[in-house]
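A.B. asks: build me a model from this:
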Amino acid sequence: MARKGAKSRTRITGLRSKATEARTHVDRLRAANADLKKKLAEALEQQAATSEVLGVISSSPGELSPVFQAMLVNAIRLCQAKFGAMGLSEGSAFRIVAMHNVSPAFAELRRRNPVYRPNPLTALARAAATKQTVQIADVQAEPGYFDPLPGFSRPQIGMLAGARTVLAVPMLKESELVGGIAIYRQEVNPFTEKQIALVQSFAAQAVIAIENTRLLNELRQRTDDLSESLEQQTATSEVLKVISSSPGQLEPVFQLLDTLVESAARLCEADIANVWRPSGPVYKLAASYLATLENKEYLENLSIEPGRGSLVGRTLLEGKIVHIHDIVEDREYALSHATGYRTMLGVPLLREGIPIGVIALVRTKVRPFTEKQIELVNTFADQAVIAIENVRLFDEVQARTRELSASLEQQTATSEVLGVISSSPGELEPVFQTMLENATRICDAKFGSMVLYDGDVFRRVALHDAPEAFAALQERDPVVPRSAHSLYRLADTKQLVHIADMALESPEEPIARFAGGRTLLIVPMLKENELIGAIGIYRQEVRPFTDKQIELVQNFAAQAVIAIENTRLLNELRHVHRQANRAGDELRRPGRDRHREHEAP
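C.D. replies: Sure thing, here's the model as predicted:
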C-alpha cells in the first residue's frame with residue numbers, strides 16, 4: 001500500500017509539473033502572440049501613415065506643404081511625441097516648413113520669421129553638422145542648451161513648450177543636407193530604435209518628395225517653356241506668312257501690323273498694344289489692339305513727336321527699348337490720355353539704327369514685362385521692319401521699273417516718229433498723226449488733237465480717237481472756232497494750258513460740249529518764240545496730267561516744230577532743185593544752141 005501511495009504521489013507530482021510547463025508554454029505563446037499583434041498593429045499603423053503620406057503626395061503633385069505637414073503629424077503620432085517641426089536647409093540656417101502641436105507663442109514667432117539659425121548645441125544643429133541622427137534624453141540636463149549665443153537663435157521651441165527628450169533626424173540627398181525633422185517629448189523618455197527608424201524613413205520620403213517636386217516643376221517649366229516657345233513660333237509664323245504672302249504690297253503690311261499687335265498683346269499679357277508710324281514730321285497710330293473705342297479715337301487723332309513726355313516719343317528720342325514700370329512714378333510722362341495706364345513698354349522699329357516706328361504695350365496694373373516678353377516684342381519689331389523695308393524697296397524697284405518703262409516707251413515713240421519722218425520726207429500728215437497717237441497713248445489720255453497756227457486762227461491737222469460727234473464737227477470745218485477759249489488763250493500767252501476740270505472752268509467750249517472733255521492739256525509748238533501750233537490731249541474724267549506727261553508732250557511739240565522746219569527746208573531745197581533743172585533744160589534746147597553759134601565771133 002505504501003508503495004502504491006508513493007507511486008501515486010510521484011505520478012501526481014509529474015502531472016502537476018507537466019501542467020505547470022504547459023501553462024508556462026501557453027503564457028509564452030500568449031506573450032508572443034500579443035507581441036506579434038502589437039508589432040502587426042504598429043506595422044499596419046506605419047503602413048497606414050505611409051499610405052496617407054503617399055496619398056497626399058499623389059493628390060497634390062508639386063505641392064510640398066501638405067506633404068511635409070502629413071509626414072510630421074504621422075511621425076509625432078506614431079512615435080508618441082508631443083510636438084515637432086520640420087525645416088529645410090538654407091545655408092547655415094533652417095526655414096520652418098511644417099509645425100505640429102507647438103505652443104501658440106512659438107507658432108506666432110515662426111510665422112513672423114520662418115528662418116532661424118539654431119544654437120550649435122541643439123539637436124537639430126548637431127544633426128545638421130554631423131549628418132547623423134541625434135537624440136538627447138533630457139535637454140534640460142544639457143549644459144548651455146538654452147543659453148543665448150551671438151548670431152544664433154535660441155531654441156524657443158523647447159523653451160516655450162517645456163521640451164525634455166528630443167529626436168533630430170537629418171534629411172539627406174547623396175550626403176548633402178536638405179533639411180531636418182525634430183520631434184519632442186515633454187517627459188524624459190528616449191525614443192526607441194523603431195521610432196528612430198520610422199522618423200528616418202519619413203525623412204527619406206521627404207527628400208524623395210522634394211526631388212520629385214523639383215523634377216515635376218522642371219518638367220512643368222520645360223513644358224511651359226515649350227508651350228510658350230511654340231506659341232511664339234506660331235505667332236512668328238503667322239507674321240512671316242503675312243510678309244511672304246504679298247511681298248511689296250501695302251495692304252498686307254497693314255494686315256501684318258494688326259497681326260503683330262494682336263500677337264504681342266496676347267503673348268505678353270498686355271491690356272493694350274499699338275504701332276506708331278511716321279506721317280510727315282510726326283508719328284501717327286498705324287495699328288491698335290484691345291484699346292477701348294474712346295481711347296482708340298483719341299489715339300487716332302494724336303500726333304506724337306520725339307520727346308520724353310510720352311512712351312512713343314521717348315522711344316523715338318532714345319532709339320532703344322523703353323520700359324516704364326509705373327508711369328505714376330514717372331515725372332517726365334505728360335500725356336493726359338494715360339489715365340489707368342501703369343506699366344508700359346516701347347520697342348523701336350529700327351532701320352540702320354534709325355527709328356521708323358514704335359511698338360507700344362500697356363498694362364493697367366503695375367507688372368513689369370519679363371525679359372522673354374521684351375525679347376519677343378523685339379523680334380516682332382525686327383519682322384515689321386523687314387516687311388516695311390520690303391515694301392519700300394519693292395516700291396522703289398516698281399517706281400524705277402515704271403520710269404524705265406516710261407522712258408523706253410517714250411524712246412520707242414520717238415524712234416517711231418523719226419522713222420515716219422525718214423520714211424516720208426516732206427510729208428507732215430503721217431508725222432503729226434504718229435506723234436499724236438503716241439502722246440495720247442503714253443499719257444493715258446482719251447483722245448488728242450494737233451493744230452497749226454497761221455497768225456490768226458488755228459487749223460486742225462490731226463485728230464486721234466476723238467468721239468464721233470466731235471470728229472464730224474472737225475471734218476466739216478477744220479478751223480477751230482473762237483469759242484475754243486483755252487486754245488486761243490494759248491495764242492496770247494504762248495504758255496501751256498492745263499485745266500483740271502473743263503466742266504467747272506469752260507463748260508461751253510466745243511471740246512467739253514461735243515467730246516465730253518474734263519481734264520485737258522494744250523502744249524504750244526514754238527519756233528524762236530513764234531507760235532507754230534499746239535498739241536492737245538484730253539481726258540473724259542477729272543485727272544490732271546503729271547509733270548512727266550506734260551514734259552513728254554512738250555518733247556513731241558518740239559519734234560513737231562523740227563519736222564515742220566525740216567519739211568520747209570526740204571521743200572525749199574526741192575524747189576531750188578526744180579528751178580535749176582528747168583534752167584538747165586532751157587539752156588540745152590536746140591534753138592538756144594544755134595543762137596549761140598551765130599553770136600560767136
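
A.B. asks: what's the helix or strand for L436?
C.D. replies: Per DSSP states H and E: L436 is located in helix 429-442.

A.B. asks: please name every helix or strand in contact with that helix.
C.D. replies: Judged by 3 or more C-beta pairs under 8 Å, 6 or more residues apart in numbering; DSSP states H and E, helix 429-442 is in contact with helix 371-423, strand 447-453, strand 458-464, strand 530-539, helix 547-587. For the C-beta atoms, the positions are set from N, CA and C on the backbone; glycine is no exception.

A.B. asks: quick one: average confidence on that helix?
C.D. replies: Mean pLDDT, computed over helix 429-442, is 86.

A.B. asks: let me know the average pLDDT across stretch 268-277.
C.D. replies: pLDDT averaged over stretch 268-277 gives 91.

A.B. asks: one more: stretch 450-467?
C.D. replies: Regarding stretch 450-467, the rounded mean pLDDT is 89.

A.B. asks: repeat for stretch 325-343
C.D. replies: Mean pLDDT, computed over stretch 325-343, is 84.

A.B. asks: what angle sits between the helix holding L436 and helix 547-587?
C.D. replies: 170 degrees (axes from the mean of the first three to the mean of the last three C-alpha atoms, to 10 degrees).

A.B. asks: can I get helix 429-442 in PDB, CA atoms only?
C.D. replies: C-alpha atoms of helix 429-442 as PDB (Å, rounded to 0.1, in the frame of the first residue of the first chain):
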ATOM      1  CA  GLU A 429       0.400 114.400-142.000                       C
ATOM      2  CA  PRO A 430       1.700 110.900-141.100                       C
ATOM      3  CA  VAL A 431       4.300 112.500-138.700                       C
ATOM      4  CA  PHE A 432       1.600 114.600-136.900                       C
ATOM      5  CA  GLN A 433      -0.700 111.500-136.700                       C
ATOM      6  CA  THR A 434       2.100 109.300-135.200                       C
ATOM      7  CA  MET A 435       3.100 111.900-132.700                       C
ATOM      8  CA  LEU A 436      -0.500 112.500-131.600                       C
ATOM      9  CA  GLU A 437      -1.300 108.800-131.300                       C
ATOM     10  CA  ASN A 438       1.900 108.200-129.100                       C
ATOM     11  CA  ALA A 439       1.300 111.300-126.900                       C
ATOM     12  CA  THR A 440      -2.300 110.200-126.300                       C
ATOM     13  CA  ARG A 441      -1.400 106.600-125.500                       C
ATOM     14  CA  ILE A 442       1.600 107.200-123.400                       C
END
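
A.B. asks: circling back: reformat the helices and strands packed on helix 429-442 as a markdown table; add distance to K284 and mean neighbour count.
C.D. replies: Formatted as a markdown table, the helices and strands packed on helix 429-442 follow (distance: least, C-beta to C-beta, whole Å; neighbours: other C-beta atoms under 10 Å):
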| stretch | distance to K284 | mean neighbour count |
| --- | --- | --- |
| helix 371-423 | 15 | 15 |
| strand 447-453 | 42 | 24 |
| strand 458-464 | 45 | 20 |
| strand 530-539 | 33 | 23 |
| helix 547-587 | 28 | 14 |
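
A.B. asks: coming back round to it: which positions in the helix holding L436 come out as buried?
C.D. replies: Buried residues in helix 429-442, defined by neighbour count with 16 or more other C-beta atoms under 10 Å: V431, F432, Q433, T434, M435, L436, E437, N438, A439, T440, I442.

A.B. asks: between those residues, which is nearest A123?
C.D. replies: The nearest member of the buried residues of helix 429-442 to A123, counting by C-beta to C-beta, is I442 at 102.2 Å.

A.B. asks: what residue ranges in the stretch 201-350 of the chain are flagged as low confidence?
C.D. replies: Scanning the stretch 201-350 of the chain for pLDDT under 70 picks out the ranges 219, 222-255, 291, 293, 336-339.

A.B. asks: before we move on, what about the stretch 451-600 of the chain?
C.D. replies: Along the stretch 451-600 of the chain, the model assigns pLDDT under 70 to residues 589-600.

A.B. asks: make it 80
C.D. replies: 474, 567, 569-578, 580-581, 583-600 (pLDDT under 80).

A.B. asks: leaving out chain neighbours, which residue sits closest to the residue nearest the centre of the chain?
C.D. replies: Centroid-nearest residue in the chain, with C-alpha atoms, centre = their mean: F380, separated by 3.1 Å. Once flanking residues are discounted, F380 sits nearest to L260: 5.1 Å by C-beta to C-beta, 6 or more residues apart in numbering.

A.B. asks: Q383 is in contact with that neighbour, correct?
C.D. replies: Yes: using C-beta atoms under 8 Å, L260 is in contact with Q383, at 7.3 Å.

A.B. asks: ok so, going back, which among the buried residues of helix 429-442 gets closest to P118?
C.D. replies: Nearest to P118 out of these is I442 (C-beta to C-beta; 96.3 Å).

A.B. asks: tell me the secondary structure at D147.
C.D. replies: coil (DSSP: H, G, I helix; E, B strand; the rest coil).

A.B. asks: tell me the contacts of it?
C.D. replies: Residues near D147 by C-beta atoms under 8 Å, 6 or more residues apart in numbering: N119, L121.
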